[in-house]
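**Student:** When you get a sec, could you give me coordinates for this:
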Amino acid sequence: MFEGFNQKFIKTAIDRSSENPLDRRRFLRAAGMTGVGVAGLGVLGAGAGTAFASDEEAAEGPSDAAVLNFALNLEYLEAEFYLRALTGEGLKDNQVDGAGTLGEVTGGYKVKFETDLGKQYAAEIAADENAHVDFLRKALGDAKVARPAIDLQDAFTAAATAAGVIKQGETFDPFADETSFLLGAFIFEDVGVTAYKGASPLIANKTFLEAAAGILAVEAYHAGLVRTLLLAGGAAETVGKISDARDSLDGPDDLDQGIVDSDGNANIVPADPNAIAFSRTPGQVLNIAYLNPAKVTKGGFFPAGVNGEVNSSDANG
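**Tutor:** Presented below is the predicted three-dimensional model:
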């Protein structure tokens, strides 16, 4: 399925690259002068309410390859988390090379799932995230970035401490048991949905819109599943603390939502009054990934930063 769609994706990119000089330059830059690359996605900028980017506006923003490489960094993080939780091993060597500095992964081991259903869910999500990595790498071709250094150990403890889930000096290990694993997954999945949502208004080419919408939909399925399991497991209070902590990192707006509302009713779908999911800019996403409300280029889950042009968090501190 992915292989067939990827061929269509690349063919459309090549065809569209010759539509006008700007697209041609954009394609060649993404592909490394020639060969397989991406073009036509537009720029990734502000969240909801942003209009389609004009060619002039797109030229001022990050390249199309930079946009997909930003997403690839996030997919590396998710894939390493789920694969290690499921199998004890991460991505293969032929799935992590590329431009930029190749980093190691710290932490992560096989979770002893208490339920067969929990293990099945983890297996399905791990396979999805693994496929996302492969898809984006193939679409980017020679323009793909390498997996950056990833921290699946100390970063979780730092996040849990900041959220008040544990006390200073204690340790939070998302691989210790099934509930801890789901709490770790909650941190990633909600952020992934808002990241892809933030890009969607800026995608003009239908082929690229289909690809981004498809990945967003899968991430949303994952997030809904994780939120449901945590609610059923009685983790609403802990989830609420993590949600508040994310809100404190990504700016002044109160966007993030826990799994229950103010009346204690289920809130599986975090959305605005129009039932529309909210967006985050790349900078806001990196505020959370770096665990820092300030404008920085590394920290948290990416101790050496992410690879690619889009690598700085926003100045919210």
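
**Student:** Which stretches in the chain count as strands?
**Tutor:** Listed in chain order, the strands of the chain (DSSP state E) span 105-106, 150-151.

**Student:** So which of the ones you listed is the most surrounded?
**Tutor:** Mean neighbour count, computed with mean count of other C-beta atoms under 10 Å, is highest for strand 150-151 among those, reaching a mean of 24. Glycine gets a C-beta too; all of them are placed from N, C-alpha and C.

**Student:** Go ahead and name everything in contact with it.
**Tutor:** For strand 150-151, the surrounding residues in contact (C-beta atoms under 8 Å, 6 or more residues apart in numbering) are 76-77, 80, 103-107, 300-303.

**Student:** and if we set it to 7 Å?
**Tutor:** 76-77, 80, 103, 105-107, 301-303 (C-beta atoms under 7 Å, 6 or more residues apart in numbering).

**Student:** can you list the strands of the chain in JSON lines and add distance to Ala232 and mean pLDDT?
**Tutor:** Formatted as JSON lines, these follow (distance: least, C-beta to C-beta, whole Å; pLDDT from 0 to 100):
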{"stretch": "strand 105-106", "distance to Ala232": "30", "mean pLDDT": "98"}
{"stretch": "strand 150-151", "distance to Ala232": "29", "mean pLDDT": "98"}
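
**Student:** Tabulate these (a markdown table), appending distance to Thr87.
**Tutor:** What follows is the strands of the chain, written out as a markdown table (distance: least, C-beta to C-beta, whole Å):
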| stretch | distance to Thr87 |
| --- | --- |
| strand 105-106 | 13 |
| strand 150-151 | 16 |
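
**Student:** What is the distance between stretch 305-317 and the centre of its chain?
**Tutor:** 13 Å (C-alpha atoms, centre = their mean, to the nearest Å).

**Student:** Flag every buried residue along it.
**Tutor:** 305-308, 310-314, 316 (16 or more other C-beta atoms under 10 Å).

**Student:** Ok, stretch 255-265 next?
**Tutor:** Under 16+ other C-beta under 10 Å, the buried positions of stretch 255-265 are 255-260.

**Student:** Please apply the same query to stretch 151-166.
**Tutor:** Quick answer for stretch 151-166 (16+ other C-beta under 10 Å): 151-153, 155-163, 165-166.

**Student:** quick one: Thr106 and Pro148 touch, right?
**Tutor:** No - assessed by C-beta atoms under 7 Å, Thr106 is found out of contact with Pro148, at 11.9 Å.

**Student:** Flag every buried residue along stretch 137-153.
**Tutor:** So, applying 16+ other C-beta under 10 Å, buried residues of stretch 137-153: 137-141, 143-153.

**Student:** so where's the stretch 101-250 of the chain uncertain?
**Tutor:** Counting by pLDDT under 70, the stretch 101-250 of the chain contains low-confidence residues at 200-209.

**Student:** Run through the helices of it in chain order.
**Tutor:** 116-140, 154-163, 178-199, 206-232, 236-249 (DSSP state H, counting those that start in this stretch).

**Student:** Tell me which of the ones you listed approaches Phe70 most closely.
**Tutor:** For these, proximity to Phe70 was assessed by C-beta to C-beta; helix 178-199 is nearest, at 8.2 Å.

**Student:** tilt between the closest one and helix 154-163?
**Tutor:** Interaxial angle, helix 178-199 versus helix 154-163 (axes from the mean of the first three to the mean of the last three C-alpha atoms, to 10 degrees): 90 degrees.

**Student:** Counting by contacts, list what helix 178-199 packs against.
**Tutor:** The contact analysis (3 or more C-beta pairs under 7 Å, 6 or more residues apart in numbering; DSSP states H and E) places helix 178-199 against helix 64-87, helix 206-232, helix 236-249, helix 282-289.

**Student:** Most neighbours out of the contacts of strand 150-151, which is it?
**Tutor:** Compared across the contacts of strand 150-151, Tyr76 has the highest neighbour count, 30 neighbours, by other C-beta atoms under 10 Å.

**Student:** what sits against that one?
**Tutor:** 133, 147, 150 are the contacts of Tyr76 under C-beta under 7 Å, 6+ apart.

**Student:** if I look at the residue nearest to Gly233 when sequence neighbours are not counted, how far off is Ile259?
**Tutor:** Once flanking residues are discounted, Gly233 sits nearest to Thr179: 5.8 Å by C-beta to C-beta, 6 or more residues apart in numbering. Here the criterion is C-beta to C-beta, to the nearest Å. By it, Thr179 lies 13 Å from Ile259.
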